[in-house]
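Novice: No letters, just coordinates:
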């Protein structure tokens, strides 16, 4: 299965030990998909700083195709991660760095490239809103992570271009989350999934709701858990549909738990 993560790449800088790790929803998708066994590629914009070079080096090491990526003079996206009472907390970010001011614009060759894949994943923080009609028109199934700060207006804007929608809903009640999932399916999603932190995940297929409890472990680092969950779910479901939604959800929970046993989203830390 060939899959493409398109959009955000960042470094997560752990300020209390001066180590940075590659990350970003779209980039994490590509890396996790490669780990599971997919033929994975990444398409996005790289800055020109040491942070960008570290990300590129890691992707090369992992044999993830980046041939359609662009380079723009400027600072990479970053998030600062601190430690408070033993828990990691986000302190601040630069909102994607250069990517916020120089948004990815897809040309005909990019669209042709996209059409060679079986699945594409992107996210709210990839700043691809204007490109979503072109991405949808490419004819490849689209997965989209709306994160946790989505608005009604944003769902209505992006929902029609999405086949598999993922939303972080730990701030909502279960009934509120169900209402959001129903809305996403009504807008065009084949499947819509809400991750709800310690409450697990909730999936709606237009007919029934499915609930998946999280696999409890003593986590080393929960960064990237949601990204690993959605990646594993999609790959297991789309490659082995005969196993069904419940099996795919269970395998996703297992993979997400395993991802919490490494520092950063997927390791590969470097001093900064």
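Specialist: Nice, I can see it. Just so we're clear, the structure is a prediction, and the values are computed from it rather than from any experiment.
Novice: Every contact and neighbour count from this point should use C-alpha atoms.
Specialist: Noted.
Novice: Enumerate the positions of whatever helix or strand residue 113 lives in that are buried.
Specialist: Per DSSP states H and E, residue 113 falls inside helix 108-114. For helix 108-114, a neighbour-count test (16 or more other Cα atoms under 10 Å) marks residue 114 as buried.
Novice: Next, the residues that contact it from outside, please.
Specialist: Defining contact as Cα atoms under 8 Å, 6 or more residues apart in numbering, one finds that helix 108-114 is touched by 4, 68, 120, 134, 135, 138, 140.
Novice: now it: mean pLDDT?
Specialist: For helix 108-114, the mean per-residue pLDDT is 97.
Novice: Same check on stretch 58-71?
Specialist: 97.
Novice: Quote the end-to-end distance of that stretch.
Specialist: By Cα to Cα, to the nearest Å, the extent of stretch 58-71 from end to end equals 16 Å.
Novice: Return the set of buried residues in it.
Specialist: 58, 59, 64, 65, 66, 69.
Novice: do stretch 163-179 as well
Specialist: Buried residues in stretch 163-179 (16+ other Cα under 10 Å): 163, 164, 165, 166, 167, 168, 169, 170, 174, 177, 178.
Novice: The fifth one: what's it in contact with?
Specialist: When contacts are counted by Cα under 8 Å, 6+ apart, residue 167 touches 145, 146, 147, 148, 192, 193, 194, 195.
Novice: would you list every one of the strands in the stretch 101-250 of the chain?
Specialist: Along the stretch 101-250 of the chain, counting by DSSP state E, counting those that start in this stretch, strands occupy 119-123, 142-145, 164-168, 191-195, 201-204, 209-212.
Novice: which residues of the stretch 51-200 of the chain score low on pLDDT?
Specialist: The model of the stretch 51-200 of the chain has pLDDT under 70 over residues 86-87.
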